[in-house]
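quick one, structure for this:
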Amino acid sequence: MIAEFRLPDLGEGLTEAEVVTWLVAPGDTVALNQTLAEVETAKAVVELPSPYEGTVSTLHAEAGQTIAVGAPLIAFDVVGDEPDASESASESAEKAQPNLVGYGAAPTSAGRPARRARRIGGTPVPVDTAVLEAAPHDATPSAAVDVVIERPRSTPPVRAHAKRLGIDLVLVAAEVGDRVITRSDVDAYAERVGRAGATVDETSGIPATAPSSPAALGDGERETRIPIRGVRKHTAAAMVQSAFTAPHVTVFHTVDVTATMDLLSSLRDDRALSAHRIGPLTVVAKAVCLALGRTPGLNSRWDEAAGEIVQHNYVDLGIAAATDRGLIVPMIRDAERLTLLGMADAVRSLAEVARSGKTSPAELAGGTFSISNIGVFGVDAGTPILPPGQSGILAVGAVRRQPWEHHGEIALRQMMTLSLSFDHRLVDGAEGARFLKDVADILEEPGRAMLFR
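Modelled structure (predicted):
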């Protein structure tokens with residue numbers, strides 16, 4: 001029987017998606033929850049799992065084509081009676097939601113995720129084990145040996161990190177043995193073989209994306225036209241809406257963060273804490289959550305239709321991240337509940353997932369306040385535009401050593417500029433200044449955090 005799979009609603013009222021790449025072709029046999037394709041919505045690139053077992057009959061769209069939610073996407077030849085398409089698709093999409101962002105297939109009866117076969121050199125590799133010729137990185141090319149290995153076990157962020165560095169996890173697994181590969185294993189291997197990829201700034205926790213490589217000026221055509229779609233199209237519309245709806249005001253504060261940097265240095269020297277990679281952005285995020293408790297106007301939204309100001313009694317903290325597909329602002333949910341270590345882990349995880357391109361639409365929805373770490377690009381200050389529905393956004397500048405007055409003398413201090421944009425409908429100048437001063441006080445003297453609730 002022929003069963004049609006229609007493009008499901010991927011969340012937040014999205015109405016269409018672009019097919020980025022097909023991972024199956026007509027004639028392929030697919031399993032339940034096997035990834036069929038990657039599609040790009042206005043917010044993220046999402047993996048679509050199969051709601052059926054069977055053989056691919058027809059692909060209703062080509063890579064690069066945009067289709068509407070509910071439109072036929074792919075047809076299957078399935079065994080037995082044709083399932084109820086609407087029920088099966090919706091139920092499968094709901095059950096497989098965690099898998100839509102690249103976190104593996106649904107658990108098997110043994111309780112572990114099913115693994116997809118890999119391809120090495122164009123040769124199909126069995127799911128569980130593989131026999132391949134591999135040479136150690138320090139061996140001569142002629143010293144190839146047969147190595148029997150299990151498919152590497154790792155988390156999605158670690159796989160994304162290895163892919164970005166051009167590291168094959170099979171080779172890492174051969175060195176670390178039968179255990180889950182960690183990010184530090186990948187970094188150690190990369191250091192040994194001399195791989196130098198783009199890295200996450202340890203002091204920021206936000207990925208620094210490699211610049212694109214356009215044609216040199218004067219080469220080729222005089223103009224290049226790039227279609228406006230996906231994340232960039234959504235971001236452009238949101239920024240225009242915000243800029244011409246909310247009256248923006250931006251205030252600045254230059255802060256002596258020497259004490260914070262000394263604290264971070266001390267924490268990094270503690271072996272029990274070093275794995276958390278606490279950076280300045282982590283401390284800023286924690287300070288923001290504490291300061292919002294005193295200035296609720298900056299954690300509110302303007303409800304024009306209801307004629308109300310909605311104050312949030314929680315903090316869903318957005319951290320702006322630059323990706324190859326454009327700017328996204330994934331959320332740390334209930335950030336006010338996190339300890340400093342919990343915040344560090346959340347920021348790092350958010351950055352790794354954003355860099356891998358697997359941020360889910362759910363992680364981009366909502367938000368009550370945002371932070372933009374422009375300092376990772378060496379920028380000191382800016383005038384950030386508010387994400388729609390939020391009343392405040394803080395731009396965090398670079399940390400620089402500058403001469404500064406300290407205890408009546410001029411000394412070299414570590415300085416940072418904070419830039420706060422807020423919606424003047426909800427926040428007056430005094431409240432905005434008070435919030436910025438609270439954040440600055442914590443960064444200047446981290447012990448002041450104990451005075452906040």
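
give me the phi and psi for residue 331.
Torsion angles at residue 331 (phi, psi; degrees, to the nearest 10) stand at phi -110, psi 150.

so it touches residue 320, yeah?
No. Using Cβ atoms under 8 Å, residue 331 is not in contact with residue 320; the gap is 11.0 Å. Using the backbone N, CA and C atoms, a C-beta is placed for each residue, glycine as well.

count of neighbours near residue 344?
Residue 344: 24 surrounding residues under other Cβ atoms under 10 Å.

ugh, wrong one, I meant residue 223
5.

distance-wise, check it relative to residue 343.
Look at residue 223 and residue 343: by Cβ to Cβ, to the nearest Å, they are 45 Å apart.

excluding its backbone neighbours, what's nearest residue 327?
Leaving aside its chain neighbours, residue 327 sits nearest to residue 235 (5.3 Å; criterion: Cβ to Cβ, 6 or more residues apart in numbering).

quick one: what helix or strand has that neighbour in it?
According to DSSP states H and E, residue 235 maps onto helix 230-243.

do residue 416 as well
If you go by DSSP H and E, residue 416 is part of strand 409-423.

now the element after that strand, going C-ward?
Using DSSP H and E, the helix or strand that directly follows strand 409-423 along the chain is helix 429-444.

before we move on, back to that, for the residue nearest to residue 327, list the residues it contacts.
326-328 (Cβ atoms under 8 Å, 6 or more residues apart in numbering).

repeat that for residue 300.
Contact partners of residue 300, counting by Cβ under 8 Å, 6+ apart, are 309-312, 368, 391, 426.

of those residues, which belong to strands?
Among the contacts of residue 300, DSSP state E puts 309-311 in strands.

quick one: which of the residues you listed is nearest to residue 5?
Nearest to residue 5, judged by Cβ to Cβ, of the ones in strands among the contacts of residue 300 is residue 310 at 38.3 Å.

tell me how far the closest one lies from residue 51.
37 Å.

for these two, work out which one has more neighbours and name it.
Ranked by neighbour count (other Cβ under 10 Å), residue 310 and residue 51 place residue 51 first, with 25 against 14.

hmm, back to that, just the buried members of the contacts of residue 235?
327-328 (16 or more other Cβ atoms under 10 Å).

pipe the contacts of residue 235 into CSV and attach pLDDT and distance to residue 247 per row.
Shown next, in CSV, are the contacts of residue 235 (pLDDT from 0 to 100; distance: Cβ to Cβ, whole Å):
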residue, pLDDT, distance to residue 247
326, 73, 26
327, 80, 22
328, 85, 25
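
could you dump the contacts of residue 235 into TSV and include distance to residue 173?
Below are those laid out as TSV (distance: Cβ to Cβ, whole Å):
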residue	distance to residue 173
326	34
327	35
328	31
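
so which of the contacts of residue 235 sit within helices?
Per DSSP state H, helices hold no members of the contacts of residue 235.

quick check, nearest of the contacts of residue 235 to residue 169?
Among these, and counting by Cβ to Cβ, the member closest to residue 169 is residue 328, at 25.9 Å.

please list all residues in contact with the closest one.
Contacts of residue 328 (Cβ under 8 Å, 6+ apart): 43-44, 231, 235, 320-321, 354, 359, 364.

who are the contact partners of the residue nearest to residue 9 when sequence neighbours are not counted?
In this structure, residue 9 finds its nearest non-sequential neighbour in residue 69, 5.2 Å apart by Cβ to Cβ, 6+ apart. Contact analysis of residue 69 by Cβ under 8 Å, 6+ apart lists 7-10, 14-17.

which among the residues you listed count as buried?
With burial judged by 16+ other Cβ under 10 Å, the buried subset of those is 7-8, 10, 14, 16-17.

for these, give me JSON lines that also has distance to residue 33, secondary structure and pLDDT.
Below are these laid out as JSON lines (distance: Cβ to Cβ, whole Å; DSSP: H, G, I helix; E, B strand; the rest coil; pLDDT from 0 to 100):
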{"residue": "7", "distance to residue 33": "17", "secondary structure": "coil", "pLDDT": "91"}
{"residue": "8", "distance to residue 33": "14", "secondary structure": "coil", "pLDDT": "88"}
{"residue": "10", "distance to residue 33": "16", "secondary structure": "coil", "pLDDT": "74"}
{"residue": "14", "distance to residue 33": "21", "secondary structure": "coil", "pLDDT": "72"}
{"residue": "16", "distance to residue 33": "24", "secondary structure": "strand", "pLDDT": "83"}
{"residue": "17", "distance to residue 33": "19", "secondary structure": "strand", "pLDDT": "85"}
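
now stretch 46-64: mean pLDDT?
For stretch 46-64, mean pLDDT rounds to 89.

secondary structure element holding the residue nearest in space to the middle of the chain?
Nearest to the geometric centre of the chain sits residue 354, at 1.9 Å (Cα atoms, centre = their mean). Assigned by DSSP H and E, residue 354 belongs to helix 340-356.

averaged pLDDT, stretch 381-398. What do you get?
Stretch 381-398 comes out with an average pLDDT of 95.

now do the buried residues in that stretch.
Buried residues in stretch 381-398, counting neighbours by 16+ other Cβ under 10 Å, are found at 381-382, 384-398.

now the terminal residues of that stretch, how far apart.
One end of stretch 381-398 sits 8 Å from the other (Cα to Cα, to the nearest Å).

low pLDDT regions in the chain?
11-13, 42-43, 80-152, 155-157, 174, 177-178, 192-216, 218 (pLDDT under 70).

roughly how far apart are residue 172 and residue 189?
To residue 189, residue 172 is 5 Å away according to Cβ to Cβ.

of these two, who's got more company?
The neighbour comparison of residue 172 against residue 189 (other Cβ under 10 Å) goes to residue 189, with 23 against 20.

quick check, that one in a helix?
Yes. Under DSSP: H, G, I helix; E, B strand; the rest coil, residue 189 falls within a helix.

OK, contacts around it?
Here residue 189 is in contact with 167, 171-172, 175 (Cβ under 8 Å, 6+ apart).

ok, it to residue 162 distance?
Using Cβ to Cβ, residue 189 is found at 9 Å from residue 162.

what do those two both touch?
The contact sets of residue 189 and residue 162 overlap at residue 172 (Cβ under 8 Å, 6+ apart).

thinking again about what came up before, which among the contacts of residue 69 gets closest to residue 431?
Residue 431 has its nearest neighbour among the contacts of residue 69 in residue 14, at 34.7 Å by Cβ to Cβ.

can you name every helix or strand that the helix holding residue 354 contacts?
Helix 340-356 sits against helix 156-165, helix 280-292, strand 317-319, strand 321-323, strand 331-332, with contacts defined as 3 or more Cβ pairs under 8 Å, 6 or more residues apart in numbering; DSSP states H and E.
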